[in-house]
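> this one's structure only:
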């Protein structure tokens, strides 16, 4: 699976998006990440594993804690792709608007002058 597909696949889940939003404020232990969710420990571990495999987060050991941190560069790749798509669609809409305005101007009857 290519990197962009893996990123968007990981972002498709609201729990994983919430985890990333929390990590955007700073590093957190797995326990801290699990706290706001009413899901099992193994379930939160699976979410973290998906995010780690998508390279959206990194997990490291500090003393006896497993700490997670956001990897912003992978999100930047997705943001760049979205920006390119936005530019493409906006350019298309601008061309469509210009075309519709030109057609509208052609359809207006000219006023006769006495």
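Everything's here; your move. Everything numeric in this text was worked out from a predicted model, so none of it was measured.
> Show me what the helix or strand harbouring residue 43 is packed against.
Secondary-structure element containing residue 43, defined by DSSP states H and E: helix 41-53. With contacts defined as 3 or more Cβ pairs under 8 Å, 6 or more residues apart in numbering; DSSP states H and E, helix 41-53 has these neighbours: helix 3-11, helix 14-23, helix 30-34, strand 57-62, strand 65-70. No exception for glycine: its C-beta is placed from N, CA and C like everyone else's.
> For those, give me TSV that also has mean pLDDT and mean neighbour count.
Shown next, in TSV, are the helices and strands packed on helix 41-53 (pLDDT from 0 to 100; neighbours: other Cβ atoms under 10 Å):
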stretch	mean pLDDT	mean neighbour count
helix 3-11	93	15
helix 14-23	96	17
helix 30-34	92	17
strand 57-62	90	13
strand 65-70	92	17
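> and residue 100, which of these is closest to it?
Residue 100 sits nearest to helix 3-11 of all the helices and strands packed on helix 41-53, at 32.8 Å, using Cβ to Cβ.
> Return the set of buried residues in the helix holding residue 43.
44, 47-48, 50-51 (16 or more other Cβ atoms under 10 Å).
> from those, which single one is nearest residue 61?
residue 48 (13.7 Å).
> Identify the residues contacting the closest residue to residue 70 other than its chain neighbours.
Nearest non-adjacent residue to residue 70, counting by Cβ to Cβ, 6 or more residues apart in numbering: residue 23, 4.0 Å away. When the contact criterion is Cβ atoms under 8 Å, 6 or more residues apart in numbering, the partners of residue 23 are 33, 57, 68-70.
> For the residues you listed, give me TSV that also has distance to residue 93.
Shown next, in TSV, are the contacts of residue 23 (distance: Cβ to Cβ, whole Å):
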residue	distance to residue 93
33	40
57	36
68	40
69	39
70	33
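> Closest one of the buried residues of helix 41-53 to residue 78?
For those, the nearest to residue 78 is residue 51 (13.0 Å; Cβ to Cβ).
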